[in-house]
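Colleague: Structural data only, the sequence is not supplied:
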């Protein structure tokens, strides 16, 4: 059973989400305050965090930033639920590490669908690892290493990288990437793809301003560099 953590100060919304998440088969833990959020996450180790931005005693943005810099919690999927719905607000939320951004009021059914999307396995089938030069993505362990060093990625960053690495040389539009990674039930804007690509480049590229792995194709979208990519690694075959 996947565990969802909710940090939300609106009592009515808190109880409504608790009821519906449990009804949907999730484990639930929550708090109506942001105080001690990092310690709470460390103790409970949720599979996903639903986080309000405007909390009475703290900022959800600050909590998100601290989680993304936490060695053990950095990969925890975070979905903001907030009344702040401008494009600038959404971009800020995604840039600091949120996986999704849901604006109040929202459909409970849609929110649960988005939660399920974030909790999808990185790969249902296929070889367990992908490699491109010094970059290796391990699907079974949900880990990425570059030059032998582990690179902390959020769940969405991992899925985006896995999608591109497994299809080297193919150019995908922003809309195609949105549908593949976030699914059809989403309100994420096209520019969100650019934000995630930039974040991946900063973590993986030696020179992010001159990317060699994730390339922009002017007027079309993004592609994983086929010249950098090698075949998938099958551990069973490798041992034969």
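Modeller: Nice, thanks for sending it over. Note that this is a predicted model, so its numbers are computed, not measured.
Colleague: Check for me that residue 136 belongs to a helix.
Modeller: No: counting by DSSP: H, G, I helix; E, B strand; the rest coil, residue 136 is not found in a helix; it is strand.
Colleague: what's near enough to touch the spatially most central residue of the chain?
Modeller: Geometric centre of the chain, nearest residue: residue 156, 2.5 Å, by Cα atoms, centre = their mean. For residue 156, the contacting residues are 77, 99, 100, 118, 181, 182, 196, by Cβ atoms under 8 Å, 6 or more residues apart in numbering. Any C-beta I mention is one placed from the backbone N, CA and C, and that applies to glycine too.
Colleague: any chance of those residues in CSV, plus secondary structure?
Modeller: Below are the contacts of residue 156 laid out as CSV (three-state DSSP):
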residue, secondary structure
77, coil
99, coil
100, strand
118, helix
181, helix
182, helix
196, helix
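Colleague: that older thread, quick one, grab the pLDDT at the residue nearest to the centre of the chain.
Modeller: Confidence at residue 156, expressed as pLDDT, is 86.
Colleague: For residue 69, what are phi and psi?
Modeller: Backbone torsions for residue 69, taken as degrees, to the nearest 10, come to phi -100, psi 10.
Colleague: Hmm, I typed the wrong one, I wanted residue 59.
Modeller: Dihedral pair for residue 59: phi -110, psi 130, per degrees, to the nearest 10.
Colleague: ok, now residue 79?
Modeller: phi -120, psi 120.
Colleague: hang on, isn't it packed against residue 113?
Modeller: No: if you go by Cβ atoms under 8 Å, residue 79 and residue 113 don't touch, sitting 11.4 Å apart.
Colleague: Which one of those two is surrounded by more residues?
Modeller: More crowded of residue 79 and residue 113, by other Cβ atoms under 10 Å: residue 79, with 21 against 15.
Colleague: bridging residues for that one?
Modeller: For residue 79, the beta-bridge partners under DSSP bridges are residue 50, residue 100.
Colleague: buried ones in stretch 17-31?
Modeller: 17, 18, 21, 24, 26, 28, 29, 30, 31 (16 or more other Cβ atoms under 10 Å).
Colleague: hang on, the residue nearest to the centre of the chain in a helix?
Modeller: Yes: counting by three-state DSSP, residue 156 falls inside a helix.
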